[in-house]
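sequence unknown, structure follows:
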């Protein structure tokens, strides 16, 4: 899948044709269109059947791609836009589901959340507001956090800022 966000608040998901190198009309089939944010889409991250997006409207939205559903949103505990998101999936996860979600914000903060718990029942959990526990808010940058990368061990993360 190929995902693209735009300044007009939408997220588009495309599935390439079986011959990705074929140069012809219809080589990409549109699978998803989500009216994601109230403003510009700043970033996206995927893990398994899930997509999260961060926007200039201070929110993080979660989508279940298997069920083609908008699962709701989280407010950014930092100030300003959400310019970067990163899932952490432990190597020991048999299904490849993430255990944590990292988000950067325009005020230089990085937030770590416990991601979901039982992903098969995520819709019920998400609507109830549970299992997206805010674990930590870290400050270390003076400018907007532009990117995050989590080490495969989960014990170290690298961030860059303006």
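Arrived safely, thanks for sending. Model, not experiment: these values are computed from the prediction.

give the contact list for the residue sitting nearest the centre point of the chain.
Central residue check for the chain by Cα atoms, centre = their mean: the C-alpha nearest the mean position is that of residue 52, 2.6 Å away. Going by Cβ atoms under 8 Å, 6 or more residues apart in numbering, residue 52 touches 44, 45, 46, 60, 61, 62, 63, 85, 87, 101. Using the backbone N, CA and C atoms, a C-beta is placed for each residue, glycine as well.

Show me the residues you listed that map onto strands.
Among the contacts of residue 52, the members falling in strands (DSSP state E) are 44, 45, 46, 60, 61, 62, 63, 85, 87, 101.

Which one of those residues is nearest to residue 145?
The shortest gap between residue 145 and any of the ones in strands among the contacts of residue 52 belongs to residue 85, at 10.3 Å (Cβ to Cβ).

Local confidence estimate at that closest one?
Per-residue confidence (pLDDT) for residue 85: 94.

next one: residue 22
Predicted confidence (pLDDT) for residue 22: 59.

Likewise for residue 53?
Each residue has a pLDDT score; the one for residue 53 is 92.

and the helix or strand encompassing it with strand 84-88, angle?
Taking DSSP states H and E as the definition, residue 53 sits inside strand 50-55. Using axes from the mean of the first three to the mean of the last three Cα atoms, to 10 degrees, the direction of strand 50-55 lies 160 degrees away from that of strand 84-88.

and the angle for strand 50-55 with strand 59-64?
Inter-element angle recorded for strand 50-55 and strand 59-64: 160 degrees (by the same axes, to 10 degrees).

Just the residues contacting the helix or strand where residue 42 lies, thanks.
Following DSSP H and E, one finds residue 42 within strand 41-47. Strand 41-47 has contacts (Cβ under 8 Å, 6+ apart) with 1, 3, 5-7, 9-11, 51-56, 65, 81-87, 89, 96-98.

and if you look at stretch 3-14?
Taking Cβ under 8 Å, 6+ apart as the rule, stretch 3-14 contacts 1-2, 28-44, 46, 51, 53, 55, 63, 65.

about what we covered before: give me the distance from the strand holding residue 42 to the chain's centre.
Taking Cα atoms, centre = their mean, to the nearest Å, one finds strand 41-47 lying 4 Å from the centre of the chain it belongs to.

Pairing partners for it, with directions?
strand 50-55 (antiparallel) (DSSP bridges).

If anything else comes up later, I'll come back, but that's it for now.
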